[in-house]
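**Q** let's see this in three dimensions:
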Amino acid sequence: MTATKEVGDAVTGIQNSTRTNIEAMDKAAEAVGKSTGLAGEAGESLESIVTRVESTADQVRAIATASEEQSAAGEEISRGTDEVNRIAAETAEGMTQSAQAVTDLARMAQELQSLVDELKRG
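**A** Numbers count the residues shown, from 1 in each chain. Now for the predicted structure:
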């Protein structure tokens, strides 16, 4: 009878250990399920971050392109302004020469008038 009781106690102990192991496995499976869910959420968050980073990178590239275009336009405007300044300087020089020619012509006309007046008197 003692052996039967010992076998019975051993079976009860094995059953209790098995129950405990099953409960631990259930808890472990539940933890794995939660971890899997959290990993999925983390993956979705990372995908969202990557999408936003790509969008931001596209915007930065667009800004860089626009800046380059503005820089090129600014250089073109600067060249145009330089050309206008050059033409204005040439025009001013031409006007100065024309003014001198008109002054010389007026002086010559005065001299001619003086000669004509002298010839008339003379």
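**Q** how far away is Arg19 from Gly13?
**A** 11 Å (C-beta to C-beta, to the nearest Å). C-beta coordinates here come from the backbone N, C-alpha and C atoms, glycine included.
**Q** give me the most central residue, this protein.
**A** The C-alpha lying nearest the average C-alpha coordinate of the chain belongs to Val60 (C-alpha atoms, centre = their mean; 2.6 Å).
**Q** quick one: low-confidence ranges for this structure?
**A** Residues of the chain that meet the criterion pLDDT under 70 lie in 1.
**Q** and the strands in it?
**A** For the chain, no strands turn up when DSSP state E is the criterion.
**Q** would you map the helices across it?
**A** In the chain, helices defined by DSSP state H lie at 2-121, listed in chain order.
**Q** shared neighbours, Arg19 and Gly13?
**A** Overlap of the contact sets of Arg19 and Gly13 (by C-beta atoms under 8 Å, 6 or more residues apart in numbering) is empty.
**Q** quick one, what contacts the residue nearest to the centre of the chain?
**A** Contacts of Val60 (C-beta under 8 Å, 6+ apart): none.
**Q** quickly note the distance from it to Leu46.
**A** Separation of Val60 from Leu46 (C-beta to C-beta) stands at 21 Å.
**Q** and for Ser17?
**A** Per C-beta to C-beta, Ser17 is found 42 Å from Leu46.
**Q** try Gln110
**A** Relative to Leu46, Gln110 is positioned 94 Å away (C-beta to C-beta).
**Q** Leu119 now?
**A** Leu119 sits at a distance of 107 Å from Leu46 (criterion: C-beta to C-beta).
**Q** likewise for Arg79?
**A** Using C-beta to C-beta, we find Arg79 at a distance of 49 Å from Leu46.
**Q** what do you get for Met108?
**A** Per C-beta to C-beta, Met108 is found 92 Å from Leu46.
**Q** just Gln59 next, same as before
**A** Per C-beta to C-beta, Gln59 is found 20 Å from Leu46.
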